[in-house]
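Asks: next comes the sequence, and after it the predicted model I'd like to discuss.
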Amino acid sequence: MNYFELPLEQWTNTFVDDWFLPTFGNAFDSIGAVLNAFVDLVTDVLLFVPPELFTLLLVILSWRVGGKGLAIFTFLGMLFIGSVDIWEESMHTLSIVIVSTFVSLLVGIPVGILSAMNNRVQSVVRPTLDFMQTLPSFVYLIPAVLLFGLGGVSAVIATFIFAAPPAVRMTNLGIRHVPKEVIEASRAFGSTSKQLLFKVQLPLAVPSIMAGVNQTIMLSLSMAVIASMIGAPGLGATVLQAISRVNIGLGLVGGLGIVVLAIILDRITQGIGQGQNNKS
Amino acid sequence: MSKIKVSELTKIFGPNPKQSLERLNKGASKDQILADTGNTVGVNQASFDVKPGEFFVIMGLSGSGKSTLIRLVNRLIEPTSGHVYIDDEDITSMNKNELIEARRKKLGMVFQNFGLFPHRNVVGNVAYGLEIQGVEKQEREQKAQKAIEDVGLKGYESSSPNELSGGMQQRVGLARALANDTDILLMDEAFSALDPLIRKDMQDELLKLQKKLGKTVLFITHDLDEALKLGDRIAIMKDGQIVQIGSSEEILENPANEYVSNFVKDVDRSKVLDAEQVMRRPEVLTTYKGGPRTAIKKMEDVGASSIFVVDRDDQFQGLLTIDDAIRAYKEEIPMEEVLNQDVHTTTPTTPLSDLIGVAADTKYPIVVLDEEQKLLGIISRVSILSGLVLGKEKDEVTN
C-alpha cells in the first residue's frame, strides 16, 4: 500500500530539530523553569509540613466535606502510607497531581467557557480534546522530554495533556446546560455578556465543573506511573522500580499507595461538588 | 402617545430570512414558504399600539407566534424586519449598549416557567436587575424588599426558589420584574404553568397591582378566559398574524372572522362579566343621621321592605329591614343596634360566575363595595340572570 512514500517520520524530525526547537526552545525553557519552580515549591511545602499535621488537616477537610466515614478512611489511609514508608514518594506524587491539576484547570476552564459560548471554537476544541485523550501517552512523552527534559516538569506536561480534557468538556457542558429561560431572564433584565457569564452561567455550571475537576485529578493520578518513566519522582517511580526488579511486595506497596491517594482525593472533590449541588 | 408601538414586525426563522421576507411581502403564505425554503415564519407583519397603563393581551394557540412576538419586543429574538418603539424610541435600531439600557430601565419581564436563578435566594433573585445596574447593596435590597411585599412574599426573603411552590415562584418572578420599577411589564404565559385556583388568585392580584402601580402590561396567553378577564384590549394571533384587536366585548360581540368566532363561541359569559358590569344603583339609601323615621319614610316612598345604610362618607354600614326600623322607632333604640350586617358583599371585579352561588342563598341583594368600603352598587338575583342572558347593563350603573 505504500503508494505515496510519505516520509512523515523524517519530516517531523527535521521540523522539530531544525525549526521548532531553535525557534521556541527558549520559550519552552522558561515555561519549564516556571513549572519546575512551582513543582518544587509545592513539594517543599508538602514535605516541610509534619506528616501528623498534614494528616490532621486532611482528616478535618474530609470530615467537613464527606462526613465521619470519609474522615476515618482518610486517617487510616494516611496511617498506611506512613507505615509502609512511602510518605515522601506520596508527597512527590501529590505535588505533581496538584500542579498538573492546577495547570489543567487554568487552561481547561477558560477554554471550556469559550467553547460553550462559541460553536466555532467548540468545533475546533472537540477534535483536539479527542486527539489529546486517545493519543497513546508514550507518543507525547518523547516530545515532552525533548522540550522540558527528564523530571517533574515533563510529567506535569504529559499529565496535563491527558487530564485537561475533562475539565474543558465538563465546563462546556455545564454552561450549555443552564436552562434557556434562566439565560433569557438574565438578558431580559439587561445583563451584559460578562454579567450573564459570571452571575448566572458559571455559578450554575459549578457542579458540572466540579465533576470535571474530580475527573482531572483522577486522570492525573493514573498518569503517575507512566510519568515516572520520564523521571518523575513519586509512587510511580516506586512501582517502576518494583517492575524492573520483579519485586512484587514493593509493587503492591506503591500501587496501594496510589489507590489510597486516589480514593481520598476522589471522595473529597466529590464531596465539594455535591455540597455545591445541594446549595443550588 | 403610545407606550409600546409595534409596526409591521416580522420574524422569519431559518437559513435565508431575507429572501423569504420578499416572498412574504409578495403575499406568499407561511406554509408555502416553509415548503419551498424550509424557513419558518414566526411572526408575520404584526402591528399594534399599547397605551400607557393599558393591559394588553396577546392571545393565540401554541405555534401562533405569540411567544416569539413578545421576545421581539425586547429583542431577546432579533426581528427580521419591522420596528418596535418604546416611548417613541426605536428598539430595533438600538446598538448593544442602548438595548441593555432600555431593558434595564423600561422593560421588565416575567416568564412562563419562572426563569428564576436557582443559585440565588428570593432577595437575590428579585434584586438581580438592580445588581447588574450597579445599584448599591443596601438600596437594591430595600427596593427588592418592597417588591417582595407587593407580591405578598414577605417572610420568604431568604428562601431558595426551589423550596417554593409554583405560585410562589411566579410571585418571585413578578417581584423581580417589579423591583426594577420599569413602566412596562412583559409577561410571557406568566400563569400558564400554575394550577387553576392559584392562577385565578394571581390574575386577581396582578390586576390589583397593575391598578396600584399603573404599569403597562403586555401579556401573552393561550387561554381565552384569561385574556378576556385581564385584557383592556386583546389581540388574537393565528399563524404569526394578528387577526383581531379589540376589547373583550368587541371580540365577543363582533368576531372578525370565523377563526375568532370559533374561539369565542364557547366562552362562559359569567366569567367575562363582572360585578361592576351588572350592578345597579340602589333606589334609596339612608344614613344614621336621619334616624329610623327617615328610613321608614324612604322605604315607604319606593315601596321597599329594606334599605341600605351608609355613613357620611358613603361607607357601607348594613341593611335595615322595615320591621327592625319600626321596632327601633317604637322602642327608641339606636339604628346601629338593629342593623342587619349579615349581607353578602363583593368587589367590583368579582366575576359573575362567583356570585351565582351567593345570590342563590341570600334573600337580600349583594352589595358591591370598593376598597374603602364605599357602596358602589347592588346586585339582585334578577341582575345576575339578566346579565347572563343579555350581557352587561352599563347604562343602569352610570345613570
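Replies: Yes, it's here. Numbers count the residues shown, from 1 in each chain, chains lettered A, B, ... in the order given.
Asks: use CA for all of it now, contacts and neighbours both
Replies: Will do.
Asks: C-terminal to whichever strand or helix holds residue A:90, what's the next element?
Replies: In this structure, residue A:90 is located in helix A:87-117 according to DSSP states H and E. Note on helix A:87-117: by DSSP H and E, the next helix or strand toward the C-terminus is helix A:119-134.
Asks: and the angle for that following helix with helix A:87-117?
Replies: Angle, helix A:119-134 to helix A:87-117, by axes from the mean of the first three to the mean of the last three Cα atoms, to 10 degrees: 150 degrees.
Asks: I'd like the distance between the spatially most central residue of chain B and chain A.
Replies: Closest residue to the average C-alpha location of chain B: residue B:230 at 3.1 Å, with Cα atoms, centre = their mean. Look at residue B:230 and chain A: by Cα to the nearest Cα, to the nearest Å, they are 23 Å apart.
Asks: could you do residue B:73 as well?
Replies: Distance of residue B:73 to chain A, given as Cα to the nearest Cα: 10 Å.
Asks: get me the contact residues on chain B for chain A.
Replies: Residues of chain B found near chain A (Cα under 8 Å from any Cα of the partner chain) are B:74, B:76, B:99-104, B:107-111, B:113-120, B:129, B:132.
Asks: buried among these? Make that a ChimeraX selection.
Replies: Selection command for ChimeraX covering only the buried members of those, criterion 16 or more other Cα atoms under 10 Å in any protein chain shown:
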select /B:74,99,100,101,102,103,104,107,108,109,110,111,113,114,115,116,117,118,119,120,129,132
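Asks: what about stretch A:108-118, distance to the chain center?
Replies: 17 Å (Cα atoms, centre = their mean, to the nearest Å).
Asks: for stretch B:285-298, that is, sorry about that
Replies: 40 Å.
Asks: mark which of the residues of chain B next to chain A are part of helices, please.
Replies: Using DSSP state H, the members of the residues of chain B next to chain A that fall in helices are B:99, B:100, B:101, B:102, B:103, B:104, B:129.
Asks: where does the prediction get shaky in chain B?
Replies: Counting by pLDDT under 70, chain B contains low-confidence ranges at B:266-272, B:386-399.
Asks: so where's the longest helix in it?
Replies: helix B:196-213.
Asks: quick one: list the elements packing against that helix.
Replies: helix B:166-179, helix B:224-230 (3 or more Cα pairs under 8 Å, 6 or more residues apart in numbering or on different chains; DSSP states H and E).
Asks: packing partners of the last one?
Replies: This means helix B:224-230. strand B:55-59, helix B:196-213, helix B:269-272.
Asks: C-terminal to it, what's the next element?
Replies: Going down the chain from helix B:224-230, the next helix or strand is strand B:233-238, by DSSP H and E.
Asks: now do the helices in chain A.
Replies: A:8-14, A:21-48, A:51-66, A:68-83, A:87-117, A:119-134, A:137-148, A:152-176, A:180-188, A:193-195, A:202-222, A:224-228, A:235-245, A:248-279.
Asks: surely residue A:71 meets residue A:59?
Replies: Yes: counting by Cα atoms under 8 Å, residue A:59 is a contact partner of residue A:71 at 5.0 Å.
Asks: hmm, back to that, which parts of the longest helix of chain B are buried?
Replies: Residues B:199, B:202, B:203, B:204, B:206, B:207, B:210 are the ones in helix B:196-213 that count as buried (16+ other Cα under 10 Å).
Asks: distance to residue B:372 added to those residues, as a markdown table?
Replies: Below are the buried residues of helix B:196-213 laid out as a markdown table (distance: Cα to Cα, whole Å):
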| residue | distance to residue B:372 |
| --- | --- |
| B:199 | 26 |
| B:202 | 22 |
| B:203 | 21 |
| B:204 | 18 |
| B:206 | 19 |
| B:207 | 17 |
| B:210 | 18 |
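Asks: from these, which is closest to residue B:359?
Replies: Ranked by distance to residue B:359 (Cα to Cα), the buried residues of helix B:196-213 are led by residue B:204 at 21.3 Å.
Asks: what separation do you get for that closest one and chain A?
Replies: Taken as Cα to the nearest Cα, the span from residue B:204 to chain A is 24 Å.
Asks: list the contacts of that residue.
Replies: Residue B:204 sits next to no residue when contact means Cα atoms under 8 Å, 6 or more residues apart in numbering or on different chains.
Asks: which stretches of the stretch 1-150 of chain B form strands?
Replies: In the stretch 1-150 of chain B, the strands defined using DSSP state E, counting those that start in this stretch lie at B:4-13, B:40-50, B:55-59, B:81-86, B:89-90, B:107-110.
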